[in-house]
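sequence-free structure coming up:
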């Protein structure tokens with residue numbers, strides 16, 4: 001895996017355990033509805049250990065997290081909460097602890113696979129590379 005393994009644009013392809021997970025982390029029901037099977041496009045720019053991670057939601061909303069592996073950064077959750085986290089790289093996976101869930105992201109067979117875990121509920125989102 002090269003250093004720029006994550007760089008690219010990825011479109012939502014499918015997920016598992018969405019409803020159970022978002023209820024667990026306390027997303028409001030209007031956000032739950034909006035996010036279900038949402039064709040989110042995730043755009044990642046990786047420059048060594050520096051990342052810009054942007055999620056484009058239908059309707060023009062975007063969330064961008066900028067972070068450097070191993071350094072504390074200001075981040076934003078799925079629900080729009082701001083927090084600080086230190087993002088790590090473990091075996092080619094990006095690992096971060098959000099306030100109420102543990103998140104990993106990896107490139108697997110050309111797809112972006114993101115796994116979030118909260119109190120034993122595992123939410124998996126897969127996105128295919130489009131650019």
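That came in fine, so what should we check first? Keep in mind it's a predicted model, so treat the numbers as computed, not measured.

When you work out contacts or count neighbours from here on, use the C-alpha atoms and nothing else.
Will do.

low-scoring stretches of this structure, by residue?
1-4, 78 (pLDDT under 70).

what about the helices in it?
18-24, 29-35 (DSSP state H).

which parts of the last one are buried?
When you say that, I think you mean helix 29-35. 32, 35 (16 or more other CA atoms under 10 Å).

again, but for the first one
When burial is assessed from 16+ other CA under 10 Å, helix 18-24 yields the following buried residues: 18, 21, 22, 24.

which one of those sits closest to residue 107?
Within the buried residues of helix 18-24, the smallest distance to residue 107 is 20.3 Å, found for residue 18 (CA to CA).

quick one on the thing from earlier: a markdown table for the helices of the chain, including distance to residue 47?
Putting the helices of the chain into a markdown table (distance: least, CA to CA, whole Å) gives the following:
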| stretch | distance to residue 47 |
| --- | --- |
| helix 18-24 | 31 |
| helix 29-35 | 29 |
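
Quick check: which of those is nearest to residue 105?
Checking the helices of the chain against residue 105 by CA to CA gives helix 18-24 as the closest, at 16.2 Å.

So the residue nearest in space to the middle of the chain versus residue 59, what's the distance?
The residue lying closest to the centre of the chain (CA atoms, centre = their mean) is residue 114, at 5.9 Å. In this view, residue 114 and residue 59 are 22 Å apart by CA to CA, to the nearest Å.

same check, this time on residue 93
Going from residue 93 to residue 59 by CA to CA gives 30 Å.

If you count surrounding residues, which of the two has more?
A count of neighbours by other CA atoms under 10 Å puts residue 93 above the other of residue 93 and residue 59, at 17 against 6.

which non-adjacent residue is nearest the more buried one?
residue 106 (4.7 Å; CA to CA, 6 or more residues apart in numbering).

again, but for residue 19
residue 32 (7.4 Å).

Could you measure from the one you found over to residue 55?
The gap separating residue 32 from residue 55 is 16 Å, by CA to CA.

Residue 63 is in contact with residue 56, isn't it?
Yes: assessed by CA atoms under 8 Å, residue 63 is found in contact with residue 56 at 6.8 Å.

list the contacts for residue 70?
By CA atoms under 8 Å, 6 or more residues apart in numbering, the contact set of residue 70 is 86, 87, 88, 89.
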